[in-house]
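Colleague: need a 3D model of the following:
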Amino acid sequence: MSRIVSFRGLLADGAQERIALQTITGLIGYRITKFELMPEKAGTTEYECTIKIYKVPQTTVTESVDFSDNRLLAAAYTEGRASSDFIGQPLITIFDNEIFNQDIHITHIDTLSDKPCNYYIELEQMKLDLSEQTVATLKDIRNVGAD
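Modeller: Numbering: from 1, shown residues only. Model (predicted):
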C-alpha cells in the first residue's frame, strides 16, 4: 500500500536544498507524482524560474536542463512579468517515474532576476521488496561522484 507525502518550501535564487528520505534499510521507495512552482510575488515581479530535482547534490546551480543526465529526476520552469499585458509562460513540469530510496536535492535559479520561488512536491511512498531495494540502491551508488 502506498501513501502520498508532500514537501514545500521557498528557495532563494541560486539555492539548493536537501530533502531527507533515506532510511537505514532502504526498503521505503518514492516516486514523484506532482511538482509545481509558484513565484514568491507572482504578478508583481519579473522572473524566469527553473527548479530541478536531482538524486545527488549539485556543485553548481544552473538553468540548463539536460534530460540525458540520469541524476535528474524532474525539472520545472515558469516565467512572468510585472506588466499587465504579459500573458506569460504556463508552468512547464516534467518528471521521471523512477523509484528512488535516497535523499533528493532541489535547485533553483532565476535567470531574469534574483527572486526566490516556491515549490510543492508530492511523492508516492511505497514499501520495496529486497530486489527493488537493491536496484534503487545500486542506481544511487552509480550516481555518487558523477557530477
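Colleague: CA atoms for contacts and neighbours, from now on please.
Modeller: Will do.
Colleague: list the residues that contact the residue nearest to S113 when sequence neighbours are not counted.
Modeller: Take S113 and drop its neighbours on the chain: the residue closest to it by Cα to Cα, 6 or more residues apart in numbering is Y47, 5.9 Å away. Contacts of Y47 were listed using Cα atoms under 8 Å, 6 or more residues apart in numbering, and they are P39, T78, E79, G80, R81, D110, T111, L112, S113, D114, K115.
Colleague: Y47 and I32, how far apart?
Modeller: In this view, Y47 and I32 are 25 Å apart by Cα to Cα, to the nearest Å.
Colleague: so what's the gap between stretch 120-127 and the chain middle?
Modeller: Offset of stretch 120-127 from its chain centre (Cα atoms, centre = their mean, to the nearest Å): 12 Å.
Colleague: what does it contact?
Modeller: 1-9, 27-37.
Colleague: mind doing that once more with 6 Å?
Modeller: The contact list for stretch 120-127, computed with Cα atoms under 6 Å, 6 or more residues apart in numbering, reads 2-8, 27-36.
Colleague: done for today, thanks.
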